[in-house]
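S.K.: have a look; sequence and predicted model below, questions after that.
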Amino acid sequence: MNARIILSLFLACCAQALCGRDAFVMLSGGDSPLENNYSQYLQTKAVLSFFEQNYRADSIWVFFGAGNREGEKPVLGDVRRQSEREGVVVDSWLPGSLPRNRPARRDVILRALREEILPTVASGGTLYLFVGDHGTRTRGRNRESIIALWSLERDHRSEHGWRSDEDQTLGVAELRRTLTGGLGKGRVVFCMTQCHAGGFHYLAMPREMTPNPKWFTQVPNWSAPPESQVWARAAGFTATDELSSAAGCDPDPDPEEWAGYERFVPEKLLGVDLMTLKQTSKGLPSFAEAHLAATLVDQTIDKPYSTSEQYLERWANLIETRLSKESNLTARVKAQLTAYQRAVDGAAIKEGDRAFRERQATFRYFVETLAEQNPATKTLLLNGTRKELEDAIGPARRRGRGRQTAEQVPGRREPAERGSLQPSDETSTRGSGRRRGGSQLADARKLWTQTIGPAWKSAIDSNRVPGVPAAALEFEKYLLRKDVKGADYLFSDVDAVDEEVFWHSGYSDPQTLDVERAEAIARWGSERSTRIFAWAKAVPDESVRAATEKLAGMKVRGWENPAAPQLPAAAAAPAGSKTPISKKVAAERALFYRRVLGAWEFLLAVNERPALARVRELTELERTPLPARKKL
C-alpha cells in the first residue's frame with residue numbers, strides 16, 4: 001500500500017480519536033409488563049432502525065424492557081398490547097426483541113455509560129440520547145424526576161421465578177454525576193418523551209438562579225450563591241415539565257388516534273410512520289427541528305419545551321418569587337421588574353437581540369397555532385392578561401405561586417408501585433382513587449365475601465356457570481382460592497387481575513406459549529367482573545340477587561357499571577389530533593412562553609452577560625445537528 005495512503009489513514013484515525021466519536025442511545029421499556037406498552041416498542045424500534053441504517057453499529061446502544069434480542073430465545077413477554085374483540089378489550093404480551101438489546105436496568109445502563117458510551121464521546125463527540133420510557137418523581141423533600149427502569153429480575157424463590165426490584169430507577173442527580181464523571185470534552189443532546197421529563201433539564205442547571213449583587217442597594221442574605229456544582233454539558237427537549245404527565249403511551253395505539261410528543265417527535269425526526277416504519281418524508285436534521293415540528297401538531301396535554309427555555313423560566317421564577325418582593329433594588333432593576341410584569345400580561349416586547357427575536361417569532365407561531373387548533377381560546381391566548389390565563393389554567397398551575405398536580409391521561413399507565421407489577425396510587429390513571437370510599441369498600445367486600453362470593457365459588461367448583469372455557473375455569477378457581485386467603489381482585493386492587501393474567505396465561509414465557517389458552521385466560525380477565533355480575537343477577541338465590549343489586553348501587557372501584565361494554569381508553573377519551581387542544585393546556589403553554597420571553601427581556605435590559613451567554617450556549621447545544629445520514 002502506498003505510504004502516503006497509510007499515512008493519511010493513520011492521521012484520519014488519530015483525528016477521529018482526538019475529536020471523539022458520536023454515540024446514539026435509545027432507552028425505553030419500563031417498568032414492568034403491565035406498563036411497557038406497545039407504543040413504546042414501536043417508538044424504540046423506529047428510532048433504533050434509523051440509527052442502524054445511518055450510523056456505525058459500534059456507536060449504537062439500546063436498552064429496552066427485559067432485554068429480548070433478535071435472533072435469541074426471548075426471556076420474557078415484556079410488551080403489553082391490547083385489542084378490542086366484540087366490545088371487550090383483551091390484553092396480550094409479546095417479547096420486545098431488538099438487535100443488540102440490553103435490559104433497561106439501572107446497573108446495566110450505568111455500567112455501559114461509564115465503560116462504553118462516555119469513553120466514546122469523551123474526546124469531543126456527541127451523545128444523542130433518546131428516552132421513551134415511563135417517568136415519575138421521587139417523594140420527600142428533595143423531589144426530582146426519575147426514569148422508571150425495568151423492575152423485574154429473576155428469582156427462583158418467587159412464585160413465578162421473577163421478582164420486582166424497587167431500586168430500578170434513574171434520577172436526575174445520579175445521571176448528572178455519571179455524565180460529569182466521564183463526559184470529558186463530549187456533550188449530550190437529549191430528547192425525552194416520558195412523564196415528568198422536564199426535571200432532566202436540571203442536568204445542566206440549578207433549580208434556583210442567583211441574582212447579581214449589583215441589582216441591590218443592600219444585598220440580602222438570601223441572594224448568596226449556593227455551593228459550587230458541576231453541571232453536565234447537556235441540553236435537549238422534553239415532552240412536558242417535571243410536574244406533569246405526558247400523552248401518547250398506549251397499549252393499543254391507533255393509527256388515527258395515537259397522538260402526543262411520544263409519536264410526533266420521532267416521526268418528524270425520522271420521516272417515518274411509527275406504525276409501519278414506512279418513509280413518509282425526508283426527515284429533519286436535528287432534535288431541535290423535530291421538536292418545533294412536533295410542538296406545532298401536538299394538541300394533547302403535553303407541554304414541550306427546551307433546556308434553554310427551562311433556564312429562562314428559572315429566572316422568571318426568581319423574578320416572581322424573590323425580586324418582586326425585594327425592596328432593596330436599584331431603580332434600573334425596579335423598572336425592569338415592571339417591564340417584566342407588563343410582558344407577562346401580554347404587552348409587546350420591543351427590545352431584544354436577534355436570538356430573542358427568533359424565539360419570540362417561534363413562540364408567536366406556536367400561540368397562533370394553538371388559537372387555530374381551538375378557536376374558542378383565540379382571544380385569551382393572544383390578548384388575555386396573566387390573570388385571565390391563570391384563571392383558565394386553574395389553581396393547581398400557578399407558576400411560582402404554588403405546586404402543580406399531575407393530570408390524569410387517558411390510556412396512559414404510570415410506573416408500578418414497588419414490590420408488585422401494579423401502578424402506583426400517586427400517578428396511575430386506572431389506580432387513581434383506588435382506595436377511596438373506605439366505608440363503601442368495606443361494605444362491598446362484606447357483600448362479596450359473605451353472600452355473592454361463596455355462591456359464585458360453589459357454582460364455579462361444580463361447573464354450573466355456562467360458557468366458561470376450560471383454561472378460564474382453571475384460572476378462575478385459582479383466583480377464588482387466593483380470594484379466600486385475602487386477595488382482592490374485584491374492588492380495592494382491581495388491576496391485580498392483569499398481573500395474574502400475565503403469569504397464568506403463559507404470555508410471560510413466549511417459548512412455551514399456547515396462544516389459544518392464553519387468549520381464553522386474557523379474555524376472562526377482562527370480562528370477569530361483568531360475567532360475575534350477570535350471573536349473580538340471574539341466580540335463583542334471592543339473597544345473592546339482592547346483594548348484587550345493592551352492590552351495583554355502590555360507587556366502588558372495579559364494580560362501576562360492570563355490565564357496561566368495555567371500550568379501549570382511546571375510544572373512551574380520544575387524544576388524537578382531531579381533538580382540539582384544551583383551553584387549560586393552551587393557556588399553560590402560552591403563559592410559559594410569556595414568562596420565558598419576559599425573563600429574557602429582563603436579562604437583556606440589565607445586561608446580565610453570564611446568563612445571556614448561558615442561554616446562547618444551551619441554544620447552540622440544542623441545535624446540534626445529527627451527523628450525516630450514511631454508514632460510516
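M.R.: Good, I have the coordinates.
S.K.: which secondary structure element is home to the most centrally placed residue in the chain?
M.R.: Most central in the chain under C-alpha atoms, centre = their mean is Q194, positioned 1.8 Å from the mean C-alpha point. Assigned by DSSP states H and E, Q194 belongs to no helix or strand.
S.K.: mind listing the strands for the chain?
M.R.: Shown for the chain, the strands assigned by DSSP state E span residues 23-28, 60-64, 79-85, 88-94, 126-131, 134-137, 145-148, 152-154, 162-164, 169-171, 187-192, 234-238, 305-306.
S.K.: next, the nearest residue to K303 once chain neighbours are set aside: phi, psi?
M.R.: Computed as C-beta to C-beta, 6 or more residues apart in numbering, the closest residue to K303 that is not its neighbour in sequence is T240, at 4.6 Å. For every residue, glycine as well, the C-beta is placed using N, CA and C. Backbone torsions of T240, given as degrees, to the nearest 10, read phi -160, psi -180.
S.K.: report how many residues lie close to T240.
M.R.: Residues lying near T240 (other C-beta atoms under 10 Å) number 29.
S.K.: isn't it up against H201?
M.R.: No. Look at T240 against H201 with C-beta atoms under 8 Å: they stay out of range, at 11.3 Å.
S.K.: contacting residues around S543?
M.R.: Contacts for S543 (C-beta atoms under 8 Å, 6 or more residues apart in numbering) come out as T451.
S.K.: now I117
M.R.: The contact partners of I117, by C-beta under 8 Å, 6+ apart, come to A23, V25, W61, L127.
S.K.: confidence score at it?
M.R.: The pLDDT attached to I117 in the predicted structure is 98.
S.K.: same deal with G71?
M.R.: 94.
S.K.: equivalent analysis for A571, please.
M.R.: The model reports A571 with a pLDDT of 37.
S.K.: pull the most distant pair out of the contacts of I117.
M.R.: W61 and L127 (9.7 Å; C-beta to C-beta).
S.K.: counting neighbours, what do you get for the closest residue in space to G198 that isn't next to it in sequence?
M.R.: Spatial nearest neighbour of G198, chain neighbours left out: D241 (3.6 Å); criterion: C-beta to C-beta, 6+ apart. By the criterion of other C-beta under 10 Å, D241 has 23 neighbours.
S.K.: for D241, which residues are in contact?
M.R.: H196, G198, G199, K303, Y305, Q404.
S.K.: do you know the pLDDT at the third one?
M.R.: It stands for G199. 98.
S.K.: for Y311, see how far away A224 is.
M.R.: According to C-beta to C-beta, to the nearest Å, A224 and Y311 sit 21 Å apart.
S.K.: name the residue in those two with the higher neighbour count.
M.R.: Ranked by neighbour count (other C-beta under 10 Å), A224 and Y311 place Y311 first, with 25 against 9.
S.K.: mind listing what the closest residue to the more buried one other than its chain neighbours touches?
M.R.: The shortest distance from Y311 to any residue other than its chain neighbours is 5.3 Å, reached at M205 (C-beta to C-beta, 6+ apart). By C-beta under 8 Å, 6+ apart, M205 lies in contact with W231, T307, Q310, Y311, R314, R614.
S.K.: ranges for the helices of the stretch 101-250 of the chain?
M.R.: With DSSP state H, counting those that start in this stretch as the criterion, the stretch 101-250 of the chain has helices at 106-112, 118-121, 172-182.
S.K.: quick one: buried residues of stretch 609-620?
M.R.: Across stretch 609-620, burial judged by 16 or more other C-beta atoms under 10 Å covers A611, L612, R614, V615, E617, L618, T619.
S.K.: neighbours of the residue lying closest to the last one once chain neighbours are set aside, how many?
M.R.: The spatial neighbour of T619 that comes closest, neighbours along the chain excluded (C-beta to C-beta, 6+ apart), is S308 at 4.7 Å. Residues contacting S308 under the criterion other C-beta under 10 Å number 26.
S.K.: coming back round to it: quick check on the contacts of I117: which are buried?
M.R.: A23, V25, W61, L127.
S.K.: least confident secondary structure element in the protein?
M.R.: helix 569-572 (a mean of 38; mean pLDDT, DSSP states H and E).
S.K.: where in this protein is pLDDT low?
M.R.: 1-19, 396-438, 492-494, 557-578, 630-632 (pLDDT under 70).
S.K.: residues near the residue nearest to F363 when sequence neighbours are not counted, how many?
M.R.: Spatial nearest neighbour of F363, chain neighbours left out: Y593 (4.0 Å); criterion: C-beta to C-beta, 6+ apart. Counted with other C-beta under 10 Å, residues neighbouring Y593 total 23.
S.K.: L175 too?
M.R.: Neighbours of L175 under the rule other C-beta under 10 Å: 23.
S.K.: tell me the spacing between it and E144.
M.R.: Distance from L175 to E144, by C-beta to C-beta: 10 Å.
S.K.: can you give me the buried ones in stretch 332-343?
M.R.: Across stretch 332-343, burial judged by 16+ other C-beta under 10 Å covers V333, Q336, L337, A339, Y340, A343.
S.K.: looking at those, spot the one nearest D155.
M.R.: Y340 (56.0 Å).
S.K.: that older thread, for the contacts of M205, which one is nearest S97?
M.R.: For the contacts of M205, the nearest to S97 is T307 (33.5 Å; C-beta to C-beta).
S.K.: tell me who's in contact with the closest one.
M.R.: H201, A204, M205, A234, A235, G236, F237, L618, L621, E622.
S.K.: would you map the helices across the stretch 251-400 of the chain?
M.R.: 261-270, 287-297, 307-321, 331-344, 354-373, 378-383, 386-393.
S.K.: okay, those in JSON lines with distance to R545 next?
M.R.: Listed next are the helices of the stretch 251-400 of the chain as JSON lines, based on distance: least, C-beta to C-beta, whole Å:
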{"stretch": "helix 261-270", "distance to R545": "47"}
{"stretch": "helix 287-297", "distance to R545": "52"}
{"stretch": "helix 307-321", "distance to R545": "59"}
{"stretch": "helix 331-344", "distance to R545": "62"}
{"stretch": "helix 354-373", "distance to R545": "51"}
{"stretch": "helix 378-383", "distance to R545": "53"}
{"stretch": "helix 386-393", "distance to R545": "48"}
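S.K.: highest average neighbour count across those helices?
M.R.: Among these, helix 261-270 has the highest mean neighbour count (mean count of other C-beta atoms under 10 Å), at a mean of 27.
S.K.: packing partners of that helix?
M.R.: Under the contact criterion of 3 or more C-beta pairs under 8 Å, 6 or more residues apart in numbering; DSSP states H and E, helix 261-270 touches helix 38-54, helix 287-297.
S.K.: need those in TSV with distance to P266, can you?
M.R.: Formatted as TSV, the helices and strands packed on helix 261-270 follow (distance: least, C-beta to C-beta, whole Å):
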stretch	distance to P266
helix 38-54	5
helix 287-297	8
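S.K.: do you know which of those helices lies nearest S439?
M.R.: The closest approach between S439 and any of these, judged by C-beta to C-beta, belongs to helix 38-54 at 38.6 Å.
S.K.: which other helices and strands does the closest one contact?
M.R.: Secondary-structure packing of helix 38-54 (3+ C-beta pairs under 8 Å, 6+ apart): strand 23-28, strand 60-64, strand 79-85, helix 261-270.
S.K.: ok, back up a step: ok, the buried ones among the contacts of I117 vs G394, which is closest?
M.R.: Of the buried ones among the contacts of I117, the one sitting nearest to G394 (C-beta to C-beta) turns out to be V25, at 37.5 Å.
S.K.: residue contacts, the closest one?
M.R.: Shown in contact with V25 (C-beta under 8 Å, 6+ apart): I60, W61, V62, F63, I117, L127, Y128, L129, F130.
S.K.: touching, the third one and R100? I think so.
M.R.: Yes. Proximity of V62 to R100 meets the contact threshold set by C-beta under 8 Å, at 6.5 Å.
S.K.: more neighbours: which of these two?
M.R.: Taking other C-beta under 10 Å, V62 and R100 do not tie; V62 has more neighbours (25 against 14).
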